[in-house]
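Student: how would this look folded up:
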Amino acid sequence: MSNLCRPLGRNEHDLIGSVVAKSFADDPVNLWAFNGAAAMRPAFTAMAKHCYLKRGFGHITNDGLAGTLWLPPKDNKSYGFLGNLALATVILKYSGPTALKRGMALDRVLTDKHPKKPHFYLFAIAVDPELQGQGVGSRLMKQALAQVDAAHMPAFLENSKPRNTPFYERHGFRVTEEIVPAPGCPPMWLMWREAR
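Tutor: Sure thing, here's the model as predicted:
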């Protein structure tokens, strides 16, 4: 098993969608938003296809068990009409109208809280549960942060697992705000990394 990583191809949305879903299966915010884990794989696949791999970039380990999704500066998290339709369809199919309503509420708040200053945005860093704690996430993060630092830009992420805060802090991110995006939603931590 190799944890060396490579850039994701534009058409590898199924692969990264599966990786993110497996890694986020115990994520409290995503479990709340999707009303369970059933919609995660098709939803993350749609997000990767219509936004992150279309206009952003990502990395995947050679064994296909861990990866990342990023957006570059001055790009926004927009799925377009077809992407929104695909995302709504899979959420309704797998998790029902409660999940669609929660997802829309969460997205509205996160959009409002998104920094206006140009930055790289880390949507997801995902490591198969069997590999967590073995340095795979750090290797993926360093790969992407080399690109961020070469551009001398800051970076931003929304952390939905409190146990991940020290990991992000080791890579230069700092909590700027704790939020509860909607009634009943678990808390999230907005994190910022200054340009280097």
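Student: Just the pLDDT at P186, thanks.
Tutor: At P186, the predicted lDDT confidence score is 97.
Student: do the same with K74
Tutor: Looking at K74, its pLDDT stands at 80.
Student: Then F34?
Tutor: As summarised for this prediction, F34 has a pLDDT of 96.
Student: residues contacting it?
Tutor: M40, A43, I91, Y94, S95, A99, R102, G103 (C-beta atoms under 8 Å, 6 or more residues apart in numbering). Backbone N, C-alpha and C define where each C-beta goes, glycine included.
Student: The fifth one touches G36, doesn't it?
Tutor: Yes. A contact is recorded between S95 and G36 when judged using C-beta atoms under 8 Å, the distance being 6.1 Å.
Student: hmm, back to that, tabulate the contacts of F34 (TSV), appending distance to L110 and pLDDT.
Tutor: Below are the contacts of F34 laid out as TSV (distance: C-beta to C-beta, whole Å; pLDDT from 0 to 100):
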residue	distance to L110	pLDDT
M40	17	97
A43	15	97
I91	16	96
Y94	21	96
S95	18	96
A99	16	96
R102	12	96
G103	10	94
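Student: From these, list just the buried residues.
Tutor: Of the members of the contacts of F34, the ones counted as buried by neighbours, 16 or more other C-beta atoms under 10 Å, are M40, A43, I91, Y94, S95, A99, R102, G103.
Student: in what helix or strand does the third one lie?
Tutor: In the assignment (DSSP states H and E), I91 maps to helix 80-113.
Student: Contacts made by the helix or strand just after that helix with the rest, please.
Tutor: With elements assigned by DSSP H and E, the helix or strand that comes after helix 80-113 is strand 120-127. Contacts to strand 120-127, defined as C-beta under 8 Å, 6+ apart, come from residues 16, 19-20, 22-24, 44, 47, 52, 56, 65-73, 75, 77, 114, 136-137, 140-141, 144, 147-148, 151, 153-157.
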